[in-house]
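Engineer: Curious how this folds, go ahead:
(chains A, B and C)
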Amino acid sequence: MRKKMDLARLVLIGVRVYGRWAPSPEDLKRCAMIALFTDFGLAGPYTGQMKAVIAAMAPGASIIDLFADAPAGNPKASAYLLAAHAAWFPEKTVFLCVVDPGVGGARLPIVLEADGRLYVGPGNGLFELVRRRALTARTFEIEWRPERLSASFHGRDLFAPVAAMLARGEPPPGRLCDDSALRCADWPDDLPEIVYIDHYGNAMTGLRAVALAPDARLIAAGRMLERARTFGDRAQGEAFWYENSNGLGEIAVNSGRADRALGLKIGMPVEIVR
Amino acid sequence: MRKKMDLARLVLIGVRVYGRWAPSPEDLKRCAMIALFTDFGLAGPYTGQMKAVIAAMAPGASIIDLFADAPAGNPKASAYLLAAHAAWFPEKTVFLCVVDPGVGGARLPIVLEADGRLYVGPGNGLFELVRRRALTARTFEIEWRPERLSASFHGRDLFAPVAAMLARGEPPPGRLCDDSALRCADWPDDLPEIVYIDHYGNAMTGLRAVALAPDARLIAAGRMLERARTFGDRAQGEAFWYENSNGLGEIAVNSGRADRALGLKIGMPVEIVR
Amino acid sequence: MRKKMDLARLVLIGVRVYGRWAPSPEDLKRCAMIALFTDFGLAGPYTGQMKAVIAAMAPGASIIDLFADAPAGNPKASAYLLAAHAAWFPEKTVFLCVVDPGVGGARLPIVLEADGRLYVGPGNGLFELVRRRALTARTFEIEWRPERLSASFHGRDLFAPVAAMLARGEPPPGRLCDDSALRCADWPDDLPEIVYIDHYGNAMTGLRAVALAPDARLIAAGRMLERARTFGDRAQGEAFWYENSNGLGEIAVNSGRADRALGLKIGMPVEIVR
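Structural biologist: Below you'll find the predicted structure:
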């Protein structure tokens, strides 16, 4: 009899501890999520090697591929893309972010804690918009160093281990620092540029839709675009802009590819007309 | 002594509960598998955001990327591809399927239960062939709605949470419905078209090999193709068709790319000659 | 009181068993890592179907995508790429490797145990360099066969199940064999060729940097390249070679794409000049 009760209780506890069926906030905290945001591309060994580090150091963590194709070598455009997407994730999420053209150089490795989420990566402006929009934020300089640090892959050797530590609930392995020297005060609050083109050919801008007037129009590649609520509101082949599912102004063509139809590319400017 | 016994028993129970080494059918049921079938493409944040929802709501589930590049915006071709691949998966698998050009419009969100597997997605014909080939099937209209439903990303906001509920063993959050209005009676049982081209340039058709005569030949892009058992049966550079590992008729070239050699594209018709 | 203690102990045991926070070497052994090394490409159902097999048979294993785009149909170039990257992984890692142009033909399915790591795949030379560089190695012929073995997808039907068995700690399902007939004695210890081009356009060679003199220069596509420590050491747009994070000589251009700037392709020869 006793055996049976124990078993039932154990299963129950197991469920609570491992959070299989109904994760409580506590379970979620324990089973931390690590979101990857890099410009490594989808192919090649780099993302896999970072995941191997995390799997070994924080086996319970869920690893989510958010972006592997952030604007390559472009921390500024990436910063607007990251801020828009990170806001959707639950508290305690650890963002492992590597858009790091200066790897091996002097830029500081940092941890940003902002509104309950944690960001690990290079102090090159990549976290500027997350930081600027946060209600509460603290920046830590990462002082921990691995036994072996390659010159070209800090994502694997330095940032992934730190992300794993944070996912395990450990404090940032470094010291709280004044980040004023890292800030990019001259960057705008919203970036009037194309920052990402997706699989369907839709072009995300660095503009938050809430920051635009309801009747605002956008000009991109010489074309004036009106706002629509959704694709079905427009005729086939018509170009427009709309608020995408992550809150950004996005340029699209119903049943078509906006990138080809309008000739859009990452980095191209966008003008706001009221 | 007692402590030791407890520990051994606990480990044993742990193993049984979490199914690490030797998953019983019960373990497999518990540790549900969610297979993703979308046209989101490999890049971008969409697949990652759906996985984040599942990881939070059903942390024990294994998430499998089956297709991220199903025929884009083409539920019909996708339906034949899905039916061929789903049959290989174990019972209790949850298929989270998003080929949804009408997102934000009137199409019904549904759950199909067919031969013990579960399919979540838009009621736009995507499950027609799974439904038609099933021995037992029930369709549910999803009535549950999230607190926030974006206009353009029901995959993340509606279908992923429902898939997570099903993976946790919960019933479909909706009502059993008569699906006759959703059926596509005019679609053929096998689709004589190219429905997918893989990394090697092999072209999958929507034709099941078992539905073809043993000596059936296929004509594609004006070329008559004989059946082979495997690549090695043919001379280098020779084009042929064979039954692929998922039961579909597939057009290939030994040591070459059939798509380039024959000029094949998704949607191109295939003729059957006996 | 007793209840509380039990709970605390259980959590503790749970942590030890499932290794969530601080994996001991024992935990890591238990929670084996399976690294995938294939030429399947990123798209399509093949990798997903192999992962589904592993998830069902060894649910606790971490599955890492190392390469899905190894040189297609080229076991020789792949062998140098695999050996360079496998050395970075911890002991007990299981490498599931499928670069298998002869699938369905006569090549032997094997397991190689080398320096504590395990390699599953075709005996077509793919493991030659791992084998040659290992201090200790044993080769097993896989004798186990699944109930259903497709002619074209041994990765899913044969190799993935065996990888799962190894990840569960089971012995290789076959017999120890003399592998002398499988060896490729005429292949060099380092391959003076481009074996991989990454997302940034950097070109990996099959040459280990430690095997090259500190002042060695490389000639590729008619261009003489000097060694640099890191990208920042060179002027923007300048081409050079350096030791990459996995120990290979890699050709790169600071703030540019070496593949386009120099016209590099996989299989192109590289000459060493001292």
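Engineer: Name the residues that touch stretch A:108-119?
Structural biologist: A:86, A:89, A:91-95, A:97, A:120-123, A:127, A:130-131, A:134-142, A:154, A:158-159, A:162, A:166, A:172, A:174, A:177, A:179, A:182 (CB atoms under 8 Å, 6 or more residues apart in numbering or on different chains). The way it works is simple: take the backbone N, C-alpha and C, and place the C-beta from them, glycine included.
Engineer: And stretch A:82-90, by the same measure?
Structural biologist: A:28, A:33, A:35, A:37, A:66-67, A:70, A:93, A:95, A:97, A:117, A:119, A:126-127, A:129-130, A:133, A:204, A:208, A:246-248, B:45, B:49, B:52, B:56.
Engineer: Quick one, which of those are buried?
Structural biologist: A:28, A:33, A:35, A:37, A:66-67, A:70, A:93, A:95, A:97, A:117, A:119, A:126-127, A:129-130, A:133, A:204, A:208, A:246-248, B:45, B:49, B:52, B:56 (16 or more other CB atoms under 10 Å in any protein chain shown).
Engineer: Next step: these restricted to helices.
Structural biologist: Judged by DSSP state H, the subset of the buried ones among the contacts of stretch A:82-90 located in helices is A:28, A:129, A:130, A:133, B:49, B:52, B:56.
Engineer: Output the set of residues of the stretch 151-274 of chain A in proximity to chain B.
Structural biologist: A:196, A:198-200, A:229-232, A:242, A:244-246, A:255 (CB under 8 Å from any CB of the partner chain).
Engineer: Of all pairs in those, which one is the farthest apart?
Structural biologist: A:196 and A:232 (23.0 Å; CB to CB).
Engineer: And these two? Which one has more around it.
Structural biologist: residue A:196 (25 against 14; other CB atoms under 10 Å in any protein chain shown).
Engineer: Kindly indicate whether the more buried one is helix, strand or coil.
Structural biologist: Counting by DSSP: H, G, I helix; E, B strand; the rest coil, the backbone at residue A:196 sits in strand.
Engineer: Quick check: it touching residue A:203?
Structural biologist: Yes - Residue A:196 is in contact with residue A:203 according to CB atoms under 8 Å; the separation is 7.4 Å.
Engineer: how deep is the residue of chain A found nearest chain B tucked in, by neighbour count?
Structural biologist: With CB to the nearest CB, the shortest gap between chain A and chain B falls at residue A:199, namely 2.6 Å. Residue A:199 has 18 neighbours, counted by other CB under 10 Å.
Engineer: which SSE is it in?
Structural biologist: Using DSSP states H and E, residue A:199 sits in no helix or strand.
Engineer: which non-adjacent residue is nearest it?
Structural biologist: residue B:41 (2.6 Å; CB to CB, 6 or more residues apart in numbering or on different chains).
Engineer: how close does the residue positioned nearest the centre of chain A sit to residue A:121?
Structural biologist: Geometric centre of chain A, nearest residue: residue A:82, 3.8 Å, by CA atoms, centre = their mean. Going from residue A:82 to residue A:121 by CB to CB, to the nearest Å gives 9 Å.
Engineer: Mind listing the shared neighbours of these two?
Structural biologist: A:95, A:97, A:127.
Engineer: So what pairs up with the first one in the strands?
Structural biologist: Meaning residue A:95. residue A:35, residue A:119 (DSSP bridges).
Engineer: Look up the closest residue to the closest residue to chain C within the stretch 151-274 of chain A, ignoring the ones flanking it.
Structural biologist: Residue nearest to chain C within the stretch 151-274 of chain A (CB to the nearest CB): residue A:153, separated by 3.5 Å. Excluding the flanking residues, the one nearest residue A:153 by CB to CB, 6+ apart is residue C:245, at 3.5 Å.
Engineer: my read: that neighbour touches residue A:154, true?
Structural biologist: No - taking CB under 8 Å as the definition, residue C:245 is not a contact partner of residue A:154, at 9.2 Å.
Engineer: Give the residues shared as contacts by the two.
Structural biologist: In contact with both residue C:245 and residue A:154: no residue, using CB under 8 Å, 6+ apart.
Engineer: one step back: measure how buried the residue of the stretch 151-274 of chain A closest to chain C is and give me the count.
Structural biologist: Other residues close to residue A:153 by other CB under 10 Å number 23.
Engineer: Tell me which residues touch it, please.
Structural biologist: Residue A:153 neighbours (CB under 8 Å, 6+ apart): A:46, A:49, A:103, C:244, C:245.
Engineer: Low-confidence stretches in the stretch 151-274 of chain A?
Structural biologist: By pLDDT under 70, the stretch 151-274 of chain A has no low-scoring segment.
Engineer: how much space between residue A:81 and residue C:236?
Structural biologist: 25 Å.
Engineer: neighbour-wise, which of these two wins?
Structural biologist: Set residue A:81 next to residue C:236 and count neighbours by other CB under 10 Å: residue A:81 wins out with 26 against 9.
Engineer: And the buried ones among the contacts of stretch A:108-119, selectable in ChimeraX?
Structural biologist: This is the ChimeraX syntax for the buried subset of the contacts of stretch A:108-119, where burial follows 16+ other CB under 10 Å:
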select /A:86,89,92,93,94,95,97,120,121,122,123,127,130,131,134,137,139,140,141,142,154,158,159,162,166,172,174,177,179,182
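Engineer: Which members of the contacts of stretch A:108-119 are positioned in helices?
Structural biologist: A:86, A:130, A:131, A:154, A:162, A:166.
Engineer: which ones are touching the nearest residue to residue A:206 once chain neighbours are set aside?
Structural biologist: Residue nearest to residue A:206 in three dimensions, not counting chain neighbours: residue A:191, with 2.8 Å by CB to CB, 6+ apart. Going by CB under 8 Å, 6+ apart, residue A:191 touches A:76, A:77, A:80, A:205, A:206, A:207.
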